[in-house]
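Undergrad: Have a look at this prediction, sequence included:
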Amino acid sequence: KGDLFSSAIASRTAITHSCNCLGQWGAGFALLLYHKYPKSYHEYKAHCLTYGNQLLGSFMLTSENILCLFASRGYGSRVDSPDIIEKS
């Protein structure tokens, strides 16, 4: 129990987040990150605009210790199937 964000800051660990390659943090946990770490969002979005679908299966660490795991090319109803995600 506790606050994930406070715990991560206190222990200087990264918050790991499964992301799409489109540069969208628009719902759920991603939206919380967007509001709490806007600088990280802009770094992530710029990275997506530069590399797009080439990011699938890779990761990036933002300057605020958000570890973005690029697990899908899309999001919402366009999220990749578990089979594609597993192979990336």
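TA: All right, it came through fine.
Undergrad: Which parts of this structure are helices?
TA: In the chain, the helices defined using DSSP state H lie at 4-11, 28-36, 38-51, 82-87.
Undergrad: Quick check: which of these has the most neighbours on average?
TA: Of all the helices of the chain, helix 38-51 carries the top mean neighbour count, a mean of 16, counting by mean count of other C-beta atoms under 10 Å. Yep, even glycine has a C-beta here, placed from its N, CA and C like the rest.
Undergrad: and the gap between residue 43 and residue 68?
TA: For residue 43, the distance to residue 68 equals 9 Å [C-beta to C-beta, to the nearest Å].
Undergrad: Common neighbours of these two, please.
TA: 60, 62 (C-beta atoms under 8 Å, 6 or more residues apart in numbering).
Undergrad: one step back: just put the helices of the chain in a markdown table and tack on mean pLDDT.
TA: Formatted as a markdown table, the helices of the chain follow (pLDDT from 0 to 100):
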| stretch | mean pLDDT |
| --- | --- |
| helix 4-11 | 64 |
| helix 28-36 | 92 |
| helix 38-51 | 97 |
| helix 82-87 | 70 |
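Undergrad: can the ones you listed go into TSV with extra columns for distance to residue 20?
TA: As requested, these are exported to TSV (distance: least, C-beta to C-beta, whole Å):
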stretch	distance to residue 20
helix 4-11	21
helix 28-36	9
helix 38-51	8
helix 82-87	11
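Undergrad: Sweet, I'm off.
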